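1. Curious how this folds, go ahead:
(chains A and B)
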Amino acid sequence: MKQAETGKKAWRNDAYSKVTGQAEYCDDLKVHGMAHAVPVYSSEVHAEIISIETEEARSFPGVLSVITAGDIPGEIRYGQIYKDYHMLADDRIRFNGDVIAIVVAQKREQAVAAAKLVRLNAKPLPPLLDPEEALKDGASLVHEDHIFEGKSCNITNHHKIRRGNVSAAFKECDFVIERKFNTQYIEHSYLEPESGLCIPRYDGVMEVMGSMQHPFSTRRFVAAILGAKLSDVEVRSVAVGGGFGGKDDTAALVCARAALAAKILNKPVKMTYDREWSFRESYKRHPYIIYYKMGIKNGKIHAAEVKIIADSGAYCSVTPWVTWRSTVQCCGPYEVEHVHCDTYGVYTNNVFTGAMRGFGSPQLNFAIEQLVDIAAEKLGISPVEFRKQNMLRQGSTTITGQVLDTHTVSLDQVFEETLKRMDYESKLAKCSRGRADENSDELYGTGLALSYRGMSLGAEGMDFNSAIINVQPDGSILLEAAIHENGQGAESAFILIAAGELGTSVDRIRYRQPSTSNIPDGGTTVASRGTIMGGGAVVTATRELKRKLAMALCCRLSCNPGDIRFFNDRIYGKTDDVFLTYEQAVHEMYLQQEIPYAFGVFKAPKVSWDEETGKGNAYFTWVYGCQAVELTVNRKTGKVKLLNMTAAHEVGRAINMPMILGQIYGGMAMGAGYGLMEEVKVKDGIIQNTNFNTYKIPRAADLPEMQAIVIENGDPLSPSGAKGIGEPANELMAPAIANAVYNATGIRYYSSPLKITVENENNNK
Amino acid sequence: MKSVVNFFLNGKAQEKEVKPDATVLEMLRNSYELNGTKEGCGEGDCGACTVVIGEVFNGKIRYKPVAGCLYLAAKLEGKHLITIEGLSSGDNLHPIQKAVLEAHATQCGFCTPGVIMSLLSVYLEHDKPDAETFRRYLEGNLCRCTGYITIRQVPEYVGSLNIKSKDMRPAFLAATEEQQLKLASEDILTGNGKSEFFSPVSAESLRGFLSEKLKSGNLQGMTFINGGSDVVVGIKKMHRKYSLIVDLARIESLGKVEDSGEFISAGGNVTLSDLADGLKQSLPVLSRTILQMCSEQIRSNATIAGNIVNASPVADTVPVLMAMGAEIVLDGPGGTRIVPIREFYHGYKQTENKPEEWIQSVRIPKNRFNYINFEKVSKRREVDISSVNSAVALKISDGVITDAGVAYGGVAPFTVFMPETAASLTGREFCEETFRNAGDIAFDEARPISDVRGSAEYRKGLLKNLMIRHFIASESMLGEVIL
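-> Prediction:
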């Protein structure tokens, strides 16, 4: 029997299907009579649409329909925060990835061929591509009807922190460091491109399957485009080939367009994206411009003034939420008395930007963790020492005024563990600082970075989740939660949590592939909230089930309800010789007309936020992490060789250890890509690299050995004790690399990815 | 001559009419409903579509990983196509699948079938594969979830299962191999008049076929392929149409690597993978250059001839061949002729060969130079396309350069031989100053291009740096005779 010792026993409910190739992803599904839809793009970046000519495409063999915005029965415009996304462009092209029409044909290749025959007549408009230009008064407007704080402008949001008195504080400082940082666009690079399959069902419901990480968001987009009620759309889960935050808006849009075609043709329609379309249209991680001023007094970070400009591109998506997290975490895991932060999201005609693993923290950490090293050097002390002098500890107050006393503040723990495992300080002393050993061109460096991270959504939005547990007549158990399996192992974590609570084997519990028509909307599977929120709901549901079982079975087990114990895959009375199997227990319940079914809700504890002052308990709990790297830089070629990467993360309680390690390894790898090689190149508003031949993500040979240290401090505010790991693992490696490259070369890089200049280049200048 | 393709799919014989431009990936997913093979990029960069192909080679069957998205189904004649679905039956998992489970090497799972097939190709060809072999075979598989740590641990878990190497072979291999070896080779012509695929088994029948074609019209819309990787990307991504695809891969006489003492001669359909292995001792710089290009899934079918005629300005083998003064032997209905590679390119994608001529072999002089170096500038260590690349070939005696060849790619519409730069090296002392001076001359001699991989200005700067890198690399190799 597989004993559910959570945290120790590794297990995945979907692994067998994945190693045998049986797991069905959306594009693997086929339905009788299914048609294929493809998007049509234009060559424009910003233009006024005069007309869209579809006749030629319509007459192409096999084409069933060419659909434009005028054919939409419901809403043309939708969006998670502002309804600014034209699901099919109607008035203007606002970025090069805008879809002007959908071609539907019997065969996909017919649709692809016919798509080239759709003609756009448009009047090109000058594109607005520089976010700082877009912020200025008098800039042309990306959305003419957009109003922010009472006026027409390109600003999507403005978050603030006003803590202490920054201008007075800077005068008291021993020194002030002022730097500008730039970060790049990042493509999520989930291995499976977007896909949606929509089936008009006989009962009038539009059934949707797709590669998405938020079925409920998809349902809202689909219902909006169809003009349908939410109950008229059922979104079902299928295997998803990775999301990393990237399968929300765009994935929902793909499904919405497929649903529109399915509705119009009254037949099943599948829409699967090419990698090129995915690169072109899907939202990216926001590039940031960060102006940072950090004042140091008596070895402490005394004041920080931060201005952040995030390019939201043509649509808002979740920019206000992403940038809110950047604002809250704008000083990193340090105590700072005086903080003044202004964060702007701004519309441009670039590709739109949205959620990506990290959600506003990777950009800020890239700046802060370098600044901290710079400050330490100016002080003439070790960056380790400087961090120790400034970091948040048990009972510390964050820059938003939140006192960290409801959970174990484990920043010092993750830091110490990393230092110890790496033997960091002695390695730091060996760094080349631009001077290679004789007979070698390799410069050695090591660097690290620290972070804290608010768990789940915080004051960003409504935060709750639910789970359903339903014991069957034979004693087997169906479980589901309103969190989506994107490949990270959420379902397995929930089974392990439920099995742990119920004392059953994992084999007894089957995860029911959820549908939006069966379980209430639990919010999106983002913000590293899957395990903490979904797991919390699973715990609540199992406890409710145990209460019901105890009430119903106590007589039969000759004890009080409180005496009943759940272990060894059975239900025991007071002594170990009195027990019922699950099958017997269900039988007994049925005799009593009791249903062994429970619904559990986990509501996130209260958080608070004041938009004007930036004060509040932003998140109900936090996690802490530290990542470090050793590398060499060849001073003549500029090539960086990663030697090893180490991470220590606090996760609350560990549920499924190998999956946690997997998240950490994968997060470090993605962070290395952010620091060293990945960049979506945009020229005049057009993305230049639209596949993996030109957009480089790390390959196996690019990555070194990795060590992961998992620290457990069960969180009292999380019913399962668990917190999250997906994003913390991805927010630290880029600044650790930047610090290591500095320690190797003596050169600071303020833009990501680092573009290493080599000695010859300097000589040639 | 026949119009159907006979092959084996997971141990079962198939006879199929295939469309000339259909890929193995499309065929598996659309007509066999075998969906375990995934499409992640459609251009051979991600490895999610990796399948294993068993083929007759030197009288035996050998297995190799292949990118299903770039391999035309019509090329399957006589081959054994193995997919993830062929590895397990019921609850009986293949040892690699068990090891992936044990190592927790699957997360979202989209890359997993491809990873498993890459590993299978290793175990089918190697009794005791070493770490370098695994690295070589896994570099073509992208994974965004795991950071590859758990994937790299899979071999360790396979080892711990104590499986005999013969038990790594799926049960159906032995019987299939027997049948494969018995198959007669025959020319294949599939498709209709608008779009045809011709796969001859001899140069004679190809010459005859093309002579007929020439008589009845022109050869517009015709292309030769070997691996087909570039041509298929063109078909699938740029929507190019070909009226006739002629596959050279089954012509046995094009498949040899020979060493005459004076030349190394690589046949026109020798795969990059075989060439890299074959030249490991005799021409290690070219072997290494090839192993830095693309991935095993592509190298297993792509050829040096394809790299040459594709005429990409950043083809990696071409600067090496050009610096060394290689010659191209062309064959065709009009007979054979020899063209120095330095005179092979006339403009962007314009080459010396006539439409009806194919590369019979590439001859690389063995004794002219004793130091050769290749350098490329690209973002990622492996599987990357260069923005600029360069090769130098030098004859050095007593510390003086007595003969030099210099070629650059990515700085002009085609790879260029740089006679002035070469001349500036000749007769000079082998020292950094010489190379710095040569870098300045190269800077003036080149005409860079701008594209997504780098601006013209950026490339010009790189020219100088690459020349100095040649010195650094050569210096570290001084005394080591490469040829």
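2. So the chain: which segments form each domain?
-> You didn't say which chain, so I picked chain A. A:15-21+A:464-603, A:31-125+A:203-272, A:285-458+A:611-764 (automatic domain parsing).
3. if you could check chain B rather than the one you did, that'd help
-> B:95-168, B:188-250, B:255-477.
4. Below-threshold pLDDT in the chain: ranges please.
-> Just so you know, I chose chain A. A:1-10, A:759-765 (pLDDT under 70).
5. meant chain B, my bad for not saying
-> Residues of chain B that meet the cut-off, pLDDT under 70, sit at B:378-386, B:447-457, B:459, B:474-483.
6. list the contacts for the residue of the stretch 201-350 of chain A found nearest chain B?
-> Here the stretch 201-350 of chain A gets closest to chain B at one residue, A:G241, 3.1 Å apart by C-beta to the nearest C-beta. C-beta: built from backbone N, CA, C; applies to glycine. Applying C-beta atoms under 8 Å, 6 or more residues apart in numbering or on different chains, we find A:G241 in contact with A:25, A:190-192, A:211, A:487, B:38, B:40, B:108-110.
7. If we use 7 Å, what do you get?
-> By C-beta atoms under 7 Å, 6 or more residues apart in numbering or on different chains, the contact list for A:G241 reads A:25, A:190-192, A:211, A:487, B:108-110.
8. how about the residues of the stretch 1-150 of chain B near chain A?
-> B:35-36, B:40-43, B:45-46, B:48, B:84-85, B:88, B:93, B:97, B:100-101, B:104, B:106-113, B:116, B:135, B:138-139, B:142, B:144-150 (C-beta under 7 Å from any C-beta of the partner chain).
9. Please list the members of those residues that lie in helices.
-> Among the residues of the stretch 1-150 of chain B next to chain A, the residues falling in helices (DSSP state H) are B:97, B:100-101, B:112-113, B:116, B:135, B:138, B:149-150.
10. Please name the nearest non-neighbouring residue to residue 148.
-> All of this is about chain A. A:I155 (4.5 Å; C-beta to C-beta, 6 or more residues apart in numbering or on different chains).
11. You answered for a different chain; I wanted chain B.
-> Closest to B:Y148 by C-beta to C-beta, 6+ apart is A:A700, at 4.1 Å.
12. Isn't the one you found up against B:E139?
-> Yes: between A:A700 and B:E139 a contact is recorded at 5.8 Å, counting by C-beta atoms under 7 Å.
13. show me where the stretch 1-150 of chain A has helices.
-> Assigned helices in the stretch 1-150 of chain A, in chain order: A:15-19, A:55-58, A:108-115, A:131-135 (criterion: DSSP state H, counting those that start in this stretch).
14. Ignore what I typed, I meant the stretch 301-450 of chain B.
-> B:304-309, B:317-324, B:419-425, B:432-445.
15. What lies in contact with the third one?
-> Helix B:419-425 is contacted by residues B:394, B:401, B:404-406, B:434, B:437-438, B:441-442, B:445 when judged by C-beta under 7 Å, 6+ apart.
16. Buried residues, it. List them.
-> B:421-422, B:424-425 (16 or more other C-beta atoms under 10 Å in any protein chain shown).
17. near chain B, which residues of the stretch 351-500 of chain A?
-> A:486-489.
18. circling back to that earlier point, please work out which of the helices of the stretch 301-450 of chain B is packed deepest.
-> With neighbours defined as mean count of other C-beta atoms under 10 Å in any protein chain shown, the helices of the stretch 301-450 of chain B peak in mean count at helix B:317-324, which reaches a mean of 29.
19. and whichever residue of the stretch 451-600 of chain A sits closest to chain B, what is it in contact with?
-> Residue nearest to chain B within the stretch 451-600 of chain A: A:G487 (2.4 Å; C-beta to the nearest C-beta). When contacts are counted by C-beta under 7 Å, 6+ apart, A:G487 touches A:240-242, B:107-109, B:145.
20. ok, the residues you listed vs A:I76, which is closest?
-> Within those, proximity to A:I76 (C-beta to C-beta) peaks at A:V240, which comes in at 27.5 Å.
21. Tally up the residues packed near that closest one, please.
-> 27 (other C-beta atoms under 10 Å in any protein chain shown).
22. Is it in contact with A:G489, as I believe?
-> No: counting by C-beta under 7 Å, A:V240 stays clear of A:G489, with 11.9 Å between them.
23. Specify the beta-bridge partners of residue 195.
-> If you meant another chain, say so; for now it's chain A. A:T272 (DSSP bridges).
24. nope, chain B please
-> If you apply DSSP bridges, the partners that B:S195 bridges to are B:N192.
25. And A:V682, by the same measure?
-> If you apply DSSP bridges, the partners that A:V682 bridges to are A:I687.
26. and the gap between it and A:P127?
-> Separation of A:V682 from A:P127 (C-beta to C-beta, to the nearest Å): 11 Å.
27. for A:I264, same thing?
-> 32 Å.
28. Comparing these two, which residue is more hemmed in?
-> It is A:P127, of A:I264 and A:P127, that has more neighbours when counted by other C-beta under 10 Å, with 23 against 19.
29. wouldn't that one be in contact with A:V45 here?
-> Yes: counting by C-beta under 7 Å, A:V45 is a contact partner of A:P127 at 4.5 Å.
30. So which residues on the stretch 501-650 of chain A come close to chain B?
-> Counting by C-beta under 7 Å from any C-beta, the stretch 501-650 of chain A sits next to chain B at A:636-637.
31. which stretches of the stretch 501-650 of chain A form strands?
-> A:509-511, A:565-567, A:570-572, A:579-581, A:597-603, A:622-634, A:640-650 (DSSP state E, counting those that start in this stretch).
32. Show me where the stretch 251-400 of chain B has its strands.
-> Under DSSP E, counting those that start in this stretch, the stretch 251-400 of chain B gives strands at B:257-259, B:263-267, B:327-331, B:337-340, B:345-347, B:350-351, B:358-365, B:371-377, B:388-397, B:400-409.
33. one step back: in a markdown table, list the strands of the stretch 501-650 of chain A along with distance to B:D21 and mean neighbour count.
-> A markdown table is the format used below for these (distance: least, C-beta to C-beta, whole Å; neighbours: other C-beta atoms under 10 Å in any protein chain shown):
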| stretch | distance to B:D21 | mean neighbour count |
| --- | --- | --- |
| strand A:509-511 | 42 | 20 |
| strand A:565-567 | 61 | 16 |
| strand A:570-572 | 61 | 21 |
| strand A:579-581 | 60 | 17 |
| strand A:597-603 | 54 | 18 |
| strand A:622-634 | 44 | 28 |
| strand A:640-650 | 41 | 24 |
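34. With distance to A:Y82 as added columns, please give these in a markdown table.
-> Shown next, in a markdown table, are these (distance: least, C-beta to C-beta, whole Å):
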| stretch | distance to A:Y82 |
| --- | --- |
| strand A:509-511 | 35 |
| strand A:565-567 | 48 |
| strand A:570-572 | 52 |
| strand A:579-581 | 55 |
| strand A:597-603 | 27 |
| strand A:622-634 | 29 |
| strand A:640-650 | 34 |
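35. Tell me which of the ones you listed approaches A:P719 most closely.
-> Among these, strand A:597-603 sits nearest to A:P719 (C-beta to C-beta), with 6.0 Å.
36. helices or strands up against the closest one?
-> With contacts defined as 3 or more C-beta pairs under 7 Å, 6 or more residues apart in numbering or on different chains; DSSP states H and E, the packing partners of strand A:597-603 are strand A:464-471, helix A:535-553.
37. C-terminal to the shortest one, which secondary structure element comes first?
-> Looking back up the chat, that one is strand A:464-471. strand A:477-481 (DSSP states H and E).
38. Name the residues that touch that next one?
-> A:465, A:467-472, A:494-495, A:498, A:508-512, A:514, A:519, A:534, A:537-538.
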